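Student: I need the structure of the sequence given here:
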Amino acid sequence: MFREMRRGKQLLSIEDTVAVVDRCTNGILACLGDEDYPYAVPVSYVYFNEKIYFHSAKVGHKIDAISKNPKVSFSIIDEDTIVSEKYTTNFRSVIIFGKARIVEGDERSKAFKVLVEKYSGDQPEKTRNEKIAGCMQSYIIAIDVEHITGKEAIEYANAKRG
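Tutor: Next up is the predicted model:
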């Protein structure tokens, strides 16, 4: 169902792919927007229980698009360094395909807690817990991952092989 990466030598291992997803703080959510135009929007996220979670306002383009068609892709750029003499970049990135859905109940609470920890872990626990308990004005969205791949510049791949 999902295409194989054309440049297989540049494919990251699943461990390296997950490491990229874990260390980065934002990605681009792409979905089918109004009048079937692609709609891509940056979001802060957390990878937890093999799912991507992010928060969203309860109304807007993103929620309308997900409600209309839950199939999405999510891309993350870990590195993109210009190598001018070679007319290229040294990069590392990940793309995820899956279905987005609004989460509720215990899953929402756990995902929200992990999101808050990632982005506000240096704040007092009491303050974090108050924010979590009091925040009902936003949705927590999950992307149930169906396919995930990472890719890196050939120079990085060759360096690993020695």
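Student: low-confidence ranges in the chain?
Tutor: 134 (pLDDT under 70).
Student: Check the burial of the residue lying closest to residue 12 once chain neighbours are set aside by counting its neighbours.
Tutor: Counting by C-beta to C-beta, 6 or more residues apart in numbering, residue 12 lies nearest to residue 150, which is 3.2 Å off, once chain neighbours are set aside. Every C-beta, even on glycine, is put in place using the N, C-alpha and C of the backbone. Burial of residue 150 is recorded as 24 neighbouring residues (other C-beta atoms under 10 Å).
Student: sec struct for the residue located most distally from the centre of the chain, please.
Tutor: No residue in the chain sits farther from the centre than residue 85, which is 31.6 Å out by C-alpha atoms, centre = their mean. Three-state assignment for residue 85 (DSSP: H, G, I helix; E, B strand; the rest coil): helix.
Student: check contacts around it.
Tutor: Counting by C-beta atoms under 8 Å, 6 or more residues apart in numbering, residue 85 makes contact with nothing.
Student: One more: the one 5 residues further on?
Tutor: Contacts for residue 90 were tallied using C-beta under 8 Å, 6+ apart; they are 79-81, 83, 153, 155-156.
Student: Give me the buried positions along whichever strand or helix holds it.
Tutor: Taking DSSP states H and E as the criterion, residue 90 maps to strand 88-103. By 16 or more other C-beta atoms under 10 Å, the buried positions in strand 88-103 come out as 91-98, 100-101, 103.
Student: With stretch 26-41 instead?
Tutor: Residues 27, 29-33, 39, 41 are the ones in stretch 26-41 that count as buried (16+ other C-beta under 10 Å).
Student: Tell me how many other residues crowd residue 79.
Tutor: 14.
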